[in-house]
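[1] Build me a structure from this.
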Amino acid sequence: MQNPWLGISSGIDPVGLSRLLARAHERAAAGRPVPPMVRSVISDSWARAQAAGLDPTGPHVPMLLDYGDAMARWQEHPLARFGSVIEGVLGGVAHDVQHLVTAADGDGTMLWSMGHPRVLAASESIRFVPGYGWDEEVAGTNGIGTALRVDHAVQVFSAEHFARRYHGWCCTGAPVHDPETGRAIGALCLSTGIKGAHPYALSLVTSAASTIEALLGGELATRREALKSRYYELAARHPGTPSALVDRTGRVLACSPVGWLRGPLVRVEDGGWIASGGASVLHDEPLPHGASVVWGVPERRAASSRPAPDPEPLEIEVLGRPSARVRLQGTRVELPPRRSELLLLLALHPQGLTARQLAEELYGNADALVTVRAEVSRLRRQLGGLLGTKPYRLVGPVRVDLLELEARLQEHGADGTPDGGEDVLPGADSPTVRGARERLRALRTPAPPLPDAA
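    Predicted coordinates:
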C-alpha cells in the first residue's frame, strides 16, 4: 500500500502522473466528484480551499513582510538557531539535484530559503520567497500550508496543488513542534520541479524536522533541570508553605509536598493560576522561560513578611555504612552506593562542584558528564530536590556524622572520643572520600607520648 503522505512513488512517470492529476483537478474545480486516485489528504484540502472561497486561477499569495522584515523575523525565530542542521540534512540535495529548501513560521509565512540558483530564480515567479504567506487558507493546498494544517509531513505533487500556477512543482513539507507546548512553531519544505520529484524528499524533510525537535527537547530538559533547581532553593526557604513549579503551559513540573497540586493549571488574566476545578487564585512568582512558582497561601508577600522557622537540616550518615542514609523532615532514606558517594562529595564541598569535577571524582574521567547529570537528577528527586546548580551544591543546612566526629576528635583528641572503628563508605573510591578516610584515621590515632626529659 502506498504511503498516504507521498505524492509520487519510485518508478512512476512524473509527467504522466501530472496529466492524470490535472484532469482530476479540473473535475474537482468544476464541482464534480473527485476521482478515487486522489489521496484523501489532498481532496480534503481541496474541499477546504473551495469552502474558503479560493479560486484555483486567482491572484498570487499575499506579501506579508518585505524581504528585510522577513530576514529580521527569521533571525529571532527558534528555527534559525538550527540553520546548520537544516543545511546539513537538506542542503546537499538542494544543490546536487536542484531543489529548494525553505522554512516558514507557524502561520505559514516563509522566512528563509536556500538552494540551486536555477530553482531559486524559478521560485520568484510564483512568490515562493521569504515574506509571502503560504497558509492553506490563502494559498490553497501546498507543502507548507497543508503540512501545518494537517500537522504532519506531506508531499504535494503537481496538480495536487489547489492553485494551477503551482502545478509544475512538487513541494514536501514537515511541521516542527515545540516540545513544551506540542504546537507547530514552523515548517520546513523541500521543493523542485515535477521531473525532479522523488519520494526520498518526504523522509529527508521529516528527518530534518525530527532532528530539530530532538534538539529542542534536549534544550527543554536542560532548562527544566535548572528551573527545578531554582524552585527547590526557593521552596527550601519556606518549608511550611505548599508550593509548585509550573511551566508556561500550566503543567506542574514539581511540587512540595508531593501531590499537593496537579495540573494543568489555568492562567488568570490579572496574574496567578487556578487549578482545574478550583476557585481560588494561586499567586505566582515568575521564573525564566515563562515558568512560575505558585504558593499555597493567599498572598506571597504576607507569608514572606513573617519570620520563617529555621529549616530542618539534611542529616547524612556515612560512618560504618556501605551506603549513605539521610534524614530529611523526619523521613529516613537509604541511597544507592554511587549516589551516596555523590552526596558525600557535595557535603564535603559546600562551595559546590561542577559536573566536570564530579565526573573526575566519581569516574576518573572529566568527560562523563551525561552520567553525572543523570545521577544528580536522580539524587534531586530522591531528596526532594535540595540541590543547587552552577555549580552543583547542597541547599540549606547539612549535618554529616563524619564531619561531626572529626570536629569532636579535633577538639578532644582520640582519647576523649569513642573509637567505634567506623569507616567512611567502604566501597567509595573517589580521591576526596579516600582523603576523608585517611584524615579520620589520623585523628583517631592517639598521639605518641612525649619522651621523658633526660
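[2] Domains in the protein, by residue range?
    Domain assignment for the chain, taken from automatic domain parsing, gives 14-217, 239-305, 312-447.
[3] low pLDDT regions in the stretch 351-454 of the chain?
    Along the stretch 351-454 of the chain, the parts satisfying pLDDT under 70 run over 383-385, 414-421, 446-454.
[4] Tell me where it has helices.
    355-363, 369-382, 401-412, 431-444 (DSSP state H, counting those that start in this stretch).
[5] now for those helices, which one comes closest to E180?
    Between E180 and the helices of the stretch 351-454 of the chain, the shortest separation by C-beta to C-beta is 18.2 Å, and it involves helix 369-382. Where C-beta positions appear, they are placed from N, C-alpha and C, glycine not excepted.
[6] From the rest of the structure, what touches the closest one?
    When contacts are defined by C-beta atoms under 8 Å, 6 or more residues apart in numbering, helix 369-382 is touched by residues 225, 228-229, 232, 333, 335, 338-339, 342-343, 355-356, 358-359, 362-363, 386-387, 392.
[7] buried ones in it?
    Going by neighbour count (16 or more other C-beta atoms under 10 Å), the buried part of helix 369-382 is 371-373, 375-377, 379-380, 382.
[8] export the residues you listed to CSV and tack on distance to G58?
    Conversion of those to CSV gives the following (distance: C-beta to C-beta, whole Å):
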residue, distance to G58
T371, 59
V372, 60
R373, 55
E375, 61
V376, 59
S377, 55
L379, 62
R380, 58
Q382, 63
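[9] out of these, what pair is the most spread apart?
    T371 and Q382 (16.7 Å).
[10] Which element, helix or strand, includes the residue sitting nearest the centre point of the chain?
    Centrality entry for the chain: nearest residue to the mean C-alpha point is L220, 2.2 Å, by C-alpha atoms, centre = their mean. In this structure, L220 is located in helix 200-236 according to DSSP states H and E.
[11] Return the distance of that helix from the chain's centre.
    Between the centre of helix 200-236 and the centre of its chain there are 2 Å (C-alpha atoms, centre = their mean, to the nearest Å).
[12] Remind me what whichever helix or strand comes after it packs against, helices and strands.
    Later in the chain than helix 200-236, the nearest helix or strand by DSSP H and E is strand 243-246. Applying 3 or more C-beta pairs under 8 Å, 6 or more residues apart in numbering; DSSP states H and E, one finds that strand 243-246 contacts helix 200-236, strand 252-256, strand 292-295.
[13] What strands flank the second one, and is each parallel or antiparallel?
    The one in question is strand 252-256. Partner strands for strand 252-256, per DSSP bridges, with pairing direction: strand 243-246 (antiparallel).
[14] can you list the residues that contact the strand it pairs with?
    The contact list for strand 243-246, computed with C-beta under 8 Å, 6+ apart, reads 227-228, 231, 234-235, 252-256, 260-261, 263, 265, 273, 284, 287, 291-296.
[15] quick one on the thing from earlier: closest to I194 among the buried residues of helix 369-382?
    For those, the nearest to I194 is R373 (49.2 Å; C-beta to C-beta).
[16] List the buried residues for stretch 339-355?
    Residues of stretch 339-355 classed as buried under the neighbour-count rule (16+ other C-beta under 10 Å) are 339-349, 352-353, 355.
[17] rewinding a little: I'd like the helices and strands packed on strand 243-246 written out as JSON lines, with distance to E124 and mean pLDDT added.
    Output for the helices and strands packed on strand 243-246, formatted as JSON lines (distance: least, C-beta to C-beta, whole Å; pLDDT from 0 to 100):
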{"stretch": "helix 200-236", "distance to E124": "21", "mean pLDDT": "93"}
{"stretch": "strand 252-256", "distance to E124": "47", "mean pLDDT": "90"}
{"stretch": "strand 292-295", "distance to E124": "46", "mean pLDDT": "92"}
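[18] Of the ones you listed, which is nearest D401?
    Distances from D401 to each of these were compared using C-beta to C-beta; the minimum, 21.5 Å, belongs to helix 200-236.
[19] And the closest one, what's buried?
    Buried-residue list, helix 200-236, by 16+ other C-beta under 10 Å: 201-202, 204-206, 208-209, 211-213, 216, 224-236.
[20] cool, stretch 101-117 as well?
    Of the residues in stretch 101-117, those with enough neighbours to count as buried (16+ other C-beta under 10 Å) are 101-106, 108-116.
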